Every structure is written in C-alpha cells, then in structure tokens.
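Enquirer: Please find the sequence and the predicted model below.
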Amino acid sequence: MAEHTSSNITIDAAPEAVMEVISDFRRYPEWTGEVKEAEVVEEDENGRALQVRLLLDAGAIKDEHTLAYDWIGPHEVHWSLVKSQMLRSLDGVYRLAPVAGGATDVTYQLTVDVKIPMLGMIKRKAEKVIIDRALDGLKKRVESGDPGGDEPRAEG
C-alpha cells in the first residue's frame, strides 16, 4: 500500500455544515488557493458530484485533472484520479466526526504520485502542504458562515 499523509482539524460547526462546503465544488475557487476552476462533470441521483474536473495552480504543480468521488454516508467522501497531465495517482478522503459542543473533527488523508521522479520525502512534504492549506481554507470557509449553495446572499 502506498504511503499517505494525514492531518486533522477541528471546525466549529456541525458535520453537515462542513460536508456542505466540501461537496460544493463549484465554489472551490472562492476559498481554495490552488483550485482556479472546478466543473462538476457527472452527478448522482442526489445531486452529489461523481466526477469533477479541477484546474490547479499550486506553484510548482500546475495541472488539470479529473477526480472520481465516492460518498460514504453523510460524513465521509473518498476520491481518486481519473485523468491528469502531471499525476499518476491521487487518492484522498475527508472523514468527519462530531465532537462535543457541536464542532466537527475533520481528517484529511492524501496520497499523491506524480509522473516525474520525486523523492518520497519531498512528495510527503508536498502532500502535507496541500492538506494543511485545504484544512485551513475549509475551516475559514465553514466558520465564516458562508457555506455556499445556490441561495443569493444579502449584502449590507
């Protein structure tokens, strides 16, 4: 089994609010630094994304790739690479667990394999940076009270 990188963060919101932000791919460019475009290519009968095309610019890594998503109950989602220019594989998971006081513990696990040669230590460091940025962005987005969705927001 390939090595993976994992990290956790506690978000001051219910798991459903966290998953609402995670599953709203169309709004990823608003709160993730690396995702410049996100397009849901295929949805299931419940409107959840099954495949998403993402255009990324993460400094050293610029890529367009498509990910396939597998929704495991209301608090877990897995994804894997369908196609990419730079990546050989990309497997990840978000696991949400309710904690005392209405908060959510979020675990993000990621395994990335690039097509270019890269030392394992450097690859793990890159995975850690991706995970930490994603968790920080997710926490800020959820706790800002702007989870997204199609409802227009009042300005004022």
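Expert: Cool, the structure landed. Numbering: from 1, shown residues only.

Enquirer: Return the backbone torsion pair for the closest residue to Asp63 other than its chain neighbours.
Expert: Computed as CB to CB, 6 or more residues apart in numbering, the closest residue to Asp63 that is not its neighbour in sequence is Met86, at 4.3 Å. To be clear about C-beta, it is placed using only N, CA and C from the backbone, and glycine gets the same treatment. Backbone torsions of Met86, given as degrees, to the nearest 10, read phi -100, psi -20.

Enquirer: Point out where the protein drops to low pLDDT.
Expert: For the chain, residues meeting the criterion pLDDT under 70 lie at 1-3, 59-61, 116-128, 146-156.

Enquirer: And the strands in it?
Expert: 5-11, 35-43, 49-58, 61-71, 76-84, 87-99, 103-114 (DSSP state E).

Enquirer: so which of the ones you listed gets nearest Lys140?
Expert: Closest to Lys140 of these is strand 5-11 (CB to CB; 9.4 Å).

Enquirer: Can you list the buried residues in that closest one?
Expert: 5, 7, 9, 11 (16 or more other CB atoms under 10 Å).

Enquirer: Please report the distance of the last one from Pro98.
Expert: Distance of Ile11 to Pro98, computed by CB to CB, to the nearest Å: 11 Å.

Enquirer: what touches both of the two?
Expert: Jointly contacting Ile11 and Pro98 under the rule CB atoms under 8 Å, 6 or more residues apart in numbering are Thr104.

Enquirer: List the buried residues for stretch 66-73?
Expert: The neighbour-count check on stretch 66-73 (16+ other CB under 10 Å) flags 67-69, 71 as buried.
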